[in-house]
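J.: Got a sequence here, can you build the structure:
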Amino acid sequence: LYTIEATAEGEMNGPFNVDAAARADVLGEARTVYLDQLDGVFQAQSIELMSPAVLQLESGVLDIDQLDLRIGDATIQGNLNLDQGQNRARAGLVIESLPMAMLAELGAPPMRGELTGQVTLDGPLTAPVIDGSIAVADLVMMQGKEQLGGPADVTIDIGLADTQLVTNARVDGLGDGPITLDFRLPMQLSLQPFALDLPETLPLDGEVTAKSRLEPLVALAALDGQVIEGDLTVDLELAGTVARPLVSGRLDIANGRFADALSGIILRDVTVALVGEGDRLVVERFTASDTAQGRLSLEGDIGIDPDQSFPYALALTTTDLRVLDSDLGRATVTADIKTEGTVEKGETSGRITVPRADLRLPSGGAVQPVTLDVEVRGAPPPPAQPDRSGTTGGPSTMALDIDIDMPARNFVRGRGLDTEWGGSL
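T.: Residues are numbered from 1 along each chain as shown. Modelled structure (predicted):
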């Protein structure tokens, strides 16, 4: 047996220090590693291996047994057995009392609550069966010290068998009724060789219902300085196939409000109505007003057919809409913009008028020097950068035909300037 001792320490969203001790038998036909110790502190949470874990690889069989960890107040237990000779896979994972605040240390949005869950996997390597459930009690989304709705209770059940993934989720406590999500999605999973496929010709079946406030749901997006509020009502159904999905029902937002801290934009009386009509979502209504007399409206439709590259046709109209109201100044915009096309090729046209703008150049602060690119005669050329243009999934083009009109009364002031601008582009 080989004896292994290791220590890791450093900084990753806070200091960490982890010690491990193991014994390894790797000279025989069966290779075995005994993990005897794993403890320390990571992401401000204590880590402790409650009992030794065993990893063994022999004749195409990978076996991990008795993994039993305590992380903070949570316990995580798991096992895994992959047998290539018998074409069999077995695995299990159990999580108890995992504080949701721990996930925030790993980059998730700030939240509170306690998670418990279990997942099992059993069956052939080429088509394993998965069954699992997750429950989160007293879930609260946080914004600083402010609680955004809740506490809520969340339950999620998942199952994969016979080329179908079944997901049932329910959230209670965020509004006048529960948020429910029920989906049956065609899916094929293989572990040997690994492959995950969504058969395009098998049927889709799903339903989403909700009657909730927007704030706790938007908090999951971890926005930066934006506030979105309102009453959300959803009753949507999904049908068709992966290649040709169909949607019916509607989504409504009432008493909405949007605010952006950087620009100072505030939209109130936001009303949204989206209606599913087969292979497209129709914007039946999208209106808002600012804090003065400005108005905004949007209409059109968005296709959900991937074979047609998700076609869309939208028209945006604003009247004296305040798009800047901050220390940098104040500006309003009147616009009539239309955009249509697909995710591969589109065209945007229309007119934007800025009837008045008062812009202020910020004073104070050091001037940052400009960095110049310098070429030295006789020096070897810099190494060529790898071509990453093909990693975006294909080109997308947008043709622009927009007239921008800025009559007089566009003022720029500050740092000794007091100027008035006008013109067109």
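J.: and Gly264, that one's in a strand?
T.: No - counting by DSSP: H, G, I helix; E, B strand; the rest coil, Gly264 is located in no strand; its state is coil.
J.: Who are the contact partners of the nearest residue to Gly329 once chain neighbours are set aside?
T.: Spatial nearest neighbour of Gly329, excluding adjacent residues (Cβ to Cβ, 6 or more residues apart in numbering): Leu359 at 3.9 Å. Every C-beta, even on glycine, is put in place using the N, C-alpha and C of the backbone. Taking Cβ atoms under 8 Å, 6 or more residues apart in numbering as the contact definition, Leu359 lies against Leu324, Leu328, Gly329, Ala331, Asn410, Phe411, Val412, Arg413.
J.: make it 10 Å
T.: Leu359 sits next to 324, 328-331, 410-414, 417, 419, 421 when contact means Cβ atoms under 10 Å, 6 or more residues apart in numbering.
J.: With Pro15 instead?
T.: Contacts here follow Cβ under 10 Å, 6+ apart; on that basis Pro15 touches Glu9, Val41, Phe42, Gln43, Ala44.
J.: would CSV of those with neighbour count, pLDDT and secondary structure be doable?
T.: Below are those laid out as CSV (neighbours: other Cβ atoms under 10 Å; pLDDT from 0 to 100; DSSP: H, G, I helix; E, B strand; the rest coil):
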residue, neighbour count, pLDDT, secondary structure
Glu9, 11, 88, strand
Val41, 15, 86, strand
Phe42, 19, 78, strand
Gln43, 18, 69, coil
Ala44, 13, 74, coil
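J.: Closest one of these to Met406?
T.: Closest approach between the contacts of Pro15 and Met406, by Cβ to Cβ: Gln43, at 51.2 Å.
J.: Run a quick neighbour tally on the nearest residue to Thr342 once chain neighbours are set aside.
T.: The spatially closest residue to Thr342, leaving aside those adjacent along the chain, is Ser309, at 3.7 Å (Cβ to Cβ, 6+ apart). When neighbours are defined as other Cβ atoms under 10 Å, Ser309 has 16 of them.
J.: wait, Ser309 sits on Ile302?
T.: No - shown here, Ser309 and Ile302 do not form a contact pair, counting by Cβ atoms under 10 Å, at 11.9 Å.
J.: rewinding a little: type out the ChimeraX command that picks the buried ones from the contacts of Leu359.
T.: Of those, the buried ones go into a single ChimeraX selection, burial set by 16 or more other Cβ atoms under 10 Å:
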select :324,328,329,330,331,410,411,412
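J.: got any ranges where the stretch 201-350 of the chain has weak pLDDT?
T.: Low-confidence segments of the stretch 201-350 of the chain (pLDDT under 70): 220-222.
J.: how about 90 then?
T.: Residues of the stretch 201-350 of the chain meeting the criterion pLDDT under 90: 201-204, 211-227, 242-243, 260-264, 291-293, 305-309, 325-330.
J.: So which residues of it form strands?
T.: For the stretch 201-350 of the chain, the strands defined by DSSP state E, counting those that start in this stretch occupy 205-213, 226-240, 245-260, 266-278, 280-289, 295-303, 312-326, 329-341, 345-360.
J.: Tabulate these (a markdown table), appending distance to Pro395.
T.: A markdown table is the format used below for the strands of the stretch 201-350 of the chain (distance: least, Cβ to Cβ, whole Å):
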| stretch | distance to Pro395 |
| --- | --- |
| strand 205-213 | 32 |
| strand 226-240 | 28 |
| strand 245-260 | 25 |
| strand 266-278 | 29 |
| strand 280-289 | 24 |
| strand 295-303 | 20 |
| strand 312-326 | 18 |
| strand 329-341 | 13 |
| strand 345-360 | 9 |
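J.: Figure out which of the ones you listed is closest to Asp122.
T.: strand 205-213 (24.9 Å).
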